[in-house]
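**Student:** Need the 3D shape of this:
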Amino acid sequence: MTAKYLAAVILAFSALNVVADDESIVYQKECLGCHVGSTSNSDVTGPPLGGLADKYILRQLKAFKHGWRGAGHPAARTMSDAVASYSDEELKDISHWASSIKSDKHFDYLLGKGRDGYQLYGDKCKGCHDSVIGRYMTGSPKISYLDTDYIIRQLHFFDEGFRNFDQPTKHQLKMQTVVKSLTDDELEVLTRFIANASLDKYENLDD
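**Tutor:** Just a heads-up that it's a prediction; the model follows:
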């Protein structure tokens, strides 16, 4: 376990900002076992928690609980098992807590300006994810707070049919339509563009 990882864990726990009883501390520790606050690390499997709206997080938690999201995929099964015993009210508490964690940006599409894939990202992704109005109208997440490996993984999940929904939102229907409209070559170009627009990549170069 690296010093950077330990610092991330300490930062995450210091960001709880709750007057918590023993039960809420349990779920916070359980979440942080895989989602270390706002810091992406190869030693953990989940995406950073900070930077996402509580309503969006709650929607995902309910989808995992009821087996709608990622049915049949091992990573989704881990999440489904983790939240299975929580009530809807507890999931609301978790969502509110997770959305309040201080977060860092991990992705900036402007880093790829002029590169192969920039126009494709602008045409397919920017309107919903990088526009305040677009996010409001579709309920899309602000993906700049997600690490690029996670974003790319979700694109492939949509493409392979692992992002399933009981009652799809506008965002989910739009994502399914957009990803399915991409050719294999376009999906490869888009994922490469996203990977190259990682703020973590540039941060590591400065270390």
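**Student:** Quick one: the strands in this structure, in order.
**Tutor:** Listed in chain order, the chain contains no strands at all (DSSP state E).
**Student:** which residues of it fall in helices?
**Tutor:** For the chain, the helices defined by DSSP state H cover 3-14, 22-32, 54-65, 74-83, 88-99, 118-121, 127-129, 132-138, 148-160, 170-181, 184-196, 199-206.
**Student:** Pipe those into CSV and attach mean neighbour count per row.
**Tutor:** Where C-beta positions appear, they are placed from N, C-alpha and C, glycine not excepted. Shown next, in CSV, are the helices of the chain (neighbours: other Cβ atoms under 10 Å):
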stretch, mean neighbour count
helix 3-14, 14
helix 22-32, 15
helix 54-65, 19
helix 74-83, 16
helix 88-99, 18
helix 118-121, 17
helix 127-129, 20
helix 132-138, 14
helix 148-160, 17
helix 170-181, 16
helix 184-196, 16
helix 199-206, 12
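**Student:** Near Gly117, how many other residues are there?
**Tutor:** The local packing of Gly117 (other Cβ atoms under 10 Å) involves 21 other residues.
**Student:** My read is that it contacts Leu187, right?
**Tutor:** No: assessed by Cβ atoms under 8 Å, Gly117 is found out of contact with Leu187, at 10.4 Å.
**Student:** Give me the spatial nearest neighbour of Arg163, chain neighbours excluded.
**Tutor:** Take Arg163 and drop its neighbours on the chain: the residue closest to it by Cβ to Cβ, 6 or more residues apart in numbering is Phe157, 4.8 Å away.
**Student:** quick one: that neighbour from Leu199, how far?
**Tutor:** 23 Å (Cβ to Cβ, to the nearest Å).
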